[in-house]
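Let me see the structure of the following:
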Amino acid sequence: MFLVGLSGGIASGKSTVVAVLRELGCAIIDADAVAREVVQPPSKAHQQIVHAFGTQILLENGEINRQALGDIIFSHPEKRQLLNSITHPKIQKEMLKQILKYFVLGHRYVILDIPLLFETNRLTKFMKYTVLVY
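Numbering: from 1, shown residues only. Modelled structure (predicted):
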């Protein structure tokens, strides 16, 4: 199985590339979707985030208000590091679980759609190839 890292900036055409690869039969793991999934209540990450940032970052339904949390982390770099220390290991673990699932299902290519692939540098060691859409 080949793991291919796919990255690119906003409006670079990455979604179009993902759609083509999906049509060709590649399995796709979307890091943004995984990131939203791992912080859903009542997950451990959700509990840790609420503990670290307080209940003021919650919506009425108990989910994290991404706008409110974003306002905090983008104005305080140390808070962004704290959030990343909570979420990144859980995102990576979930992505590795999905890779294993696709391996067991016999997929030849798995595309990891990771907007900050090179910046986070956590999963690049597992990639056979990386693709930057520009």
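
can we go C-alpha only for contacts and neighbour counts from here?
OK.

Three-state assignment for Ile28, please.
Under DSSP: H, G, I helix; E, B strand; the rest coil, Ile28 falls in the strand class.

Tell me the first helix or strand C-terminal of whichever strand or helix holds Glu37.
Assigning secondary structure by DSSP states H and E places Glu37 in helix 31-38. Sequence-wise, the next helix or strand beyond helix 31-38 is helix 44-53, with elements assigned using DSSP H and E.

pLDDT averaged over that next one - what is it?
Taken as a whole, helix 44-53 carries a mean pLDDT of 98.

what comes up buried for the next helix or strand after that helix?
Moving toward the C-terminus from helix 44-53, the next helix or strand (DSSP H and E) is helix 66-73. By 16 or more other CA atoms under 10 Å, the buried positions in helix 66-73 come out as 69, 72-73.

Now for this protein, the helix or strand with the poorest mean pLDDT.
The helix or strand of the chain with the lowest confidence, counting by mean pLDDT, DSSP states H and E, is helix 117-120 at a mean of 80.

Flag every buried residue along the lengthiest strand in the chain.
Across the chain, the longest stretch assigned as strand under DSSP state E is strand 2-8. Counting neighbours by 16+ other CA under 10 Å, one finds that the buried residues in strand 2-8 are 3-8.

In terms of secondary structure, what does it contact?
For strand 2-8, the contact count by 3 or more CA pairs under 8 Å, 6 or more residues apart in numbering; DSSP states H and E identifies helix 14-23, strand 109-113, helix 117-120, strand 129-133 as packing neighbours.

what do you get if the cut-off is 7 Å, keeping everything else the same?
Other elements packing on strand 2-8 under the criterion 3 or more CA pairs under 7 Å, 6 or more residues apart in numbering; DSSP states H and E are strand 109-113, strand 129-133.

Just put the ones you listed in CSV and tack on mean neighbour count and distance to Ile29.
Listed next are the helices and strands packed on strand 2-8 as CSV, based on neighbours: other CA atoms under 10 Å; distance: least, CA to CA, whole Å:
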stretch, mean neighbour count, distance to Ile29
strand 109-113, 23, 5
strand 129-133, 15, 14
